[in-house]
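*Asks:* Have a look; sequence and predicted model below, questions after that.
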Amino acid sequence: MTLWRNLRPASMTNCLLALAAATTLAPSASLAQCTDIYVWGVPDFDQRRSSLPNLGNCYCVPTAALNWMGYYANHGVGTAMWASNANWQFANYVNTSNRLLIMGDFMDTDPDCGTGLGDALSGIIDYLDEYTNRPFMAQSFYANGNSAPTPKQFAAALRLKWQVMMHYGRYDLDGTEWERDGGHAVTLVGVRNNPCGSNPIVQFNDPWTGGSDSTNTQSSFSFKEWELVRTTRNFDGEVRAMWEPRGQTGTVDRRFIDKRIYIIPLFALTGVSTSVASSLKMTRLNQLDNDESDREVVIPSPNGNSIVSAISDLEHMQLVVVTAASRTQPAALWTYSLADEAFSGPLTEFGGTPAAVDSDRFGNVFVLESSRVTKWRMGDGSVTPQGTVTLPYVCDALTINDANDDLFVVAGERRRILKFTDGNLGVAPQDQPVPTGAAFNGIPCIAPNPATGRLFLTSENGSAYEISQAAGAPVWVINSTIPMGSFPNRKGLQFSDRGVMQFISNGVVRELALDPLSGRWIANPIPLFTGGQASDFITLGRSRTNFNPAKHATLGYRFLENPDPTTPETPVCLVDVNGDGVVDFFDYLDFAQFYAASSTNADFNFDGSVDFFDYLDFVAAYDAGC
């Protein structure tokens with residue numbers, strides 16, 4: 001790492017002041033999909049600690065997550081740890097160890113075997129609920145025959161201000177198959193050398209410090225780099241492409257990037273209709289700094305036709321979009337890449353405009369067209385048909401329950417609910433009547449509440465109903481009725497991870513939350529998207545994982561000790577803002593941009609405010625060098 005000092009003239013301070021005062025500085029990382037990205041100021045905590053079970057040898061996953069909690073604490077969410085800290089590297093070792101133990105408990109970390117990916121996801125969500133009270137969500141994915149993590153996706157996630165944990169497996173060749181035997185989790189902080197190219201470089205903070213390091217003190221913060229290459233092999237019986245560090249040889253203990261976890265500020269997808277065109281709006285709740293410039297992103301329709309539905313497919317870092325039919329064009333399905341910032345398609349076309357679209361956690365999309373449901377397997381800008389079923393009725397709504405992967409379809413006119421267990425269209429559905437007391441007034445909607453696991457049923461006007469199936473019988477019963485008369489012309493019923501009900505009423509997003517004291521649904525006391533303009537639909541991002549107990553609940557899919565100890569480490573330098581290994585005027589420009597925007601990235605002394613003292617501290621640190 002080359003560090004340059006004393007290269008700025010005596011007038012440099014005045015120059016920086018002028019730059020910091022400007023409001024038109026170019027961002028340090030362009031939104032263009034193939035530019036380098038680096039997240040400045042992420043801690044590099046050690047997993048090996050004498051106060052942890054088994055010395056923390058299997059605590060890589062909790063530690064990779066806690067690094068981001070330290071980052072949160074220094075960016076406006078102090079409770080993510082216990083407070084912000086100007087120097088995590090040399091202070092509060094005991095408190096950090098305690099929080100690491102708590103994170104491991106939330107994740108059900110096994111001291112001898114590590115942390116399963118499904119447990120890691122639920123643990124992160126529980127930790128965020130307990131210590132931040134902010135609307136984050138999380139997603140975790142195993143590589144499969146359909147997809148695997150890529151540097152391009154990592155870079156896109158970091159640009160979207162998501163937090164990334166990169167997981168690699170250790171594989172041994174057995175005959176013609178590479179079989180996973182443990183692995184490791186790290187905190188991804190950057191991607192450079194063209195994330196879209198054939199030899200990108202990932203930068204990461206590695207929780208492992210080696211067996212010779214002290215388990216009673218924090219080692220100096222550093223990051224590691226891997227130059228990656230893409231390879232296609234037979235992994236555990238599935239042929240797929242994955243990325244590995246350049247230069248690996250042999251048939252034992254080869255490392256391949258095969259899993260990842262994203263922590264994501266909650267977002268919503270809504271339609272926006274104007275006199276000119278129809279667009280898709282992605283609204284993000286930015287939780288970590290004061291820059292709201294990219295809170296709303298408007299994406300024009302790919303063909304000018306109305307957008308009638310959109311859902312997220314974050315396994316492939318894309319949105320799935322359905323456009324309506326017009327005089328000259330049929331209704332169609334498209335994907336919008338969050339990495340490429342471009343549409344692909346149309347991937348398939350429909351005879352009429354679909355009534356509903358939803359996806360499961362395994363990369364399948366279900367499209368309802370009148371009396372037909374089609375299942376598609378999503379790829380990166382592609383779809384593959386998986387099956388079609390003709391329904392006995394004309395239907396209006398469908399939904400997937402992630403808790404059990406069941407697919408539900410509602411026929412409003414016939415007042416029936418069809419249930420496809422595990423989303424399997426090849427087996428006859430359970431066909432039961434809507435509960436007698438549930439009145440429909442207009443087109444029905446159906447959605448699961450992840451907080452309770454129960455379904456909610458409503459229509460454009462009238463009440464909403466919480467329903468479930470009676471014990472020992474498939475009959476649907478009403479558990480509670482929610483008066484909704486003050487919200488006419490409703491569309492797009494959805495629930496957040498935490499059970500906040502969201503829908504559109506007369507073109508405006510509304511939110512209700514269950515009051516634990518009165519047991520009544522009231523206006524959400526902490527509004528998320530309330531008051532936003534929307535047309536026909538609203539789709540919330542959700543926490544989900546493609547964890548499959550039948551496939552993944554084995555030792556080979558858990559994280560074991562003995563990660564790679566040989567990758568060279570680069571000491572962290574607090575004034576290397578762009579993480580390129582060189583301290584120069586570009587770091588000044590990047591810090592000036594943060595400072596001009598009053599971003600908490602410019603809170604250099606971590607006192608909770610961005611002011612001139614941060615600027616003075618940064619200049620002093622620059623002059624001191626590294």
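*Replies:* Now that the structure is in, tell me what you want to look at. Residues are numbered from 1 along each chain as shown.
*Asks:* Can you get me a residue count around the closest residue in space to Arg192 that isn't next to it in sequence?
*Replies:* Excluding the flanking residues, the one nearest Arg192 by C-beta to C-beta, 6 or more residues apart in numbering is Asp36, at 4.0 Å. No exception for glycine: its C-beta is placed from N, CA and C like everyone else's. Counted by other C-beta atoms under 10 Å, the residues lying close to Asp36 total 20.
*Asks:* do the one 5 residues further on as well
*Replies:* Taking other C-beta under 10 Å as the neighbour definition, Gly41 ends up with a count of 19.
*Asks:* pretty sure it is touching Asn74, no?
*Replies:* Yes - Gly41 is in contact with Asn74 according to C-beta atoms under 8 Å; the separation is 6.4 Å.
*Asks:* about what we covered before: how much space separates the residue nearest to Arg192 from Cys626?
*Replies:* In this view, Asp36 and Cys626 are 20 Å apart by C-beta to C-beta, to the nearest Å.
*Asks:* now swap in Met69 and tell me
*Replies:* Taking C-beta to C-beta as the measure, Met69 falls 25 Å from Cys626.
*Asks:* With neighbour numbers in mind, choose between these two.
*Replies:* Counting neighbours by other C-beta under 10 Å for Met69 and for Cys626 shows that Met69 has the greater number, 26 against 14.
*Asks:* Next up, phi/psi of the more buried one, please.
*Replies:* Dihedral pair for Met69: phi -70, psi -40, per degrees, to the nearest 10.
*Asks:* Surely it and Ala83 touch.
*Replies:* No - using C-beta under 8 Å, Met69 is not in contact with Ala83, being 11.9 Å away.
*Asks:* What segments of the protein are helices?
*Replies:* Using DSSP state H, the helices of the chain run over 12-21, 60-73, 93-106, 117-131, 151-159, 549-552, 585-596, 612-624.
*Asks:* got those helices as TSV, with mean pLDDT columns?
*Replies:* Shown next, in TSV, are the helices of the chain (pLDDT from 0 to 100):
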stretch	mean pLDDT
helix 12-21	44
helix 60-73	95
helix 93-106	96
helix 117-131	94
helix 151-159	95
helix 549-552	80
helix 585-596	90
helix 612-624	89
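*Asks:* Of the ones you listed, which stretch is the most buried?
*Replies:* Across the helices of the chain, averaging neighbours per residue (mean count of other C-beta atoms under 10 Å) puts helix 60-73 on top, at a mean of 27.
*Asks:* now the angle from that one to helix 93-106?
*Replies:* Interaxial angle of helix 60-73 relative to helix 93-106 (axes from the mean of the first three to the mean of the last three C-alpha atoms, to 10 degrees): 120 degrees.
*Asks:* which secondary structure elements does helix 60-73 contact?
*Replies:* The contact analysis (3 or more C-beta pairs under 8 Å, 6 or more residues apart in numbering; DSSP states H and E) places helix 60-73 against helix 93-106, helix 117-131, strand 163-174, strand 177-192, strand 254-265.
*Asks:* Turn the ones you listed into JSON lines, columns for distance to Gln430.
*Replies:* Putting the helices and strands packed on helix 60-73 into JSON lines (distance: least, C-beta to C-beta, whole Å) gives the following:
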{"stretch": "helix 93-106", "distance to Gln430": "36"}
{"stretch": "helix 117-131", "distance to Gln430": "27"}
{"stretch": "strand 163-174", "distance to Gln430": "37"}
{"stretch": "strand 177-192", "distance to Gln430": "37"}
{"stretch": "strand 254-265", "distance to Gln430": "34"}
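*Asks:* List just the one of those that sits closest to Val394.
*Replies:* strand 254-265 (36.5 Å; C-beta to C-beta).
*Asks:* Convert the C-alpha atoms of that closest one to PDB, please.
*Replies:* Extracted in PDB, the C-alpha atoms of strand 254-265 (Å, rounded to 0.1, in the frame of the first residue of the first chain):
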ATOM      1  CA  ARG A 254     -10.300 -24.900  -3.100                       C
ATOM      2  CA  ARG A 255     -12.300 -21.800  -2.200                       C
ATOM      3  CA  PHE A 256     -15.400 -20.700  -4.300                       C
ATOM      4  CA  ILE A 257     -17.800 -17.900  -3.500                       C
ATOM      5  CA  ASP A 258     -21.100 -19.600  -3.000                       C
ATOM      6  CA  LYS A 259     -23.300 -17.700  -0.600                       C
ATOM      7  CA  ARG A 260     -24.100 -14.200   0.400                       C
ATOM      8  CA  ILE A 261     -26.200 -12.100   2.800                       C
ATOM      9  CA  TYR A 262     -27.500  -8.600   2.100                       C
ATOM     10  CA  ILE A 263     -28.800  -6.200   4.700                       C
ATOM     11  CA  ILE A 264     -31.100  -3.800   2.900                       C
ATOM     12  CA  PRO A 265     -33.000  -0.700   3.900                       C
END
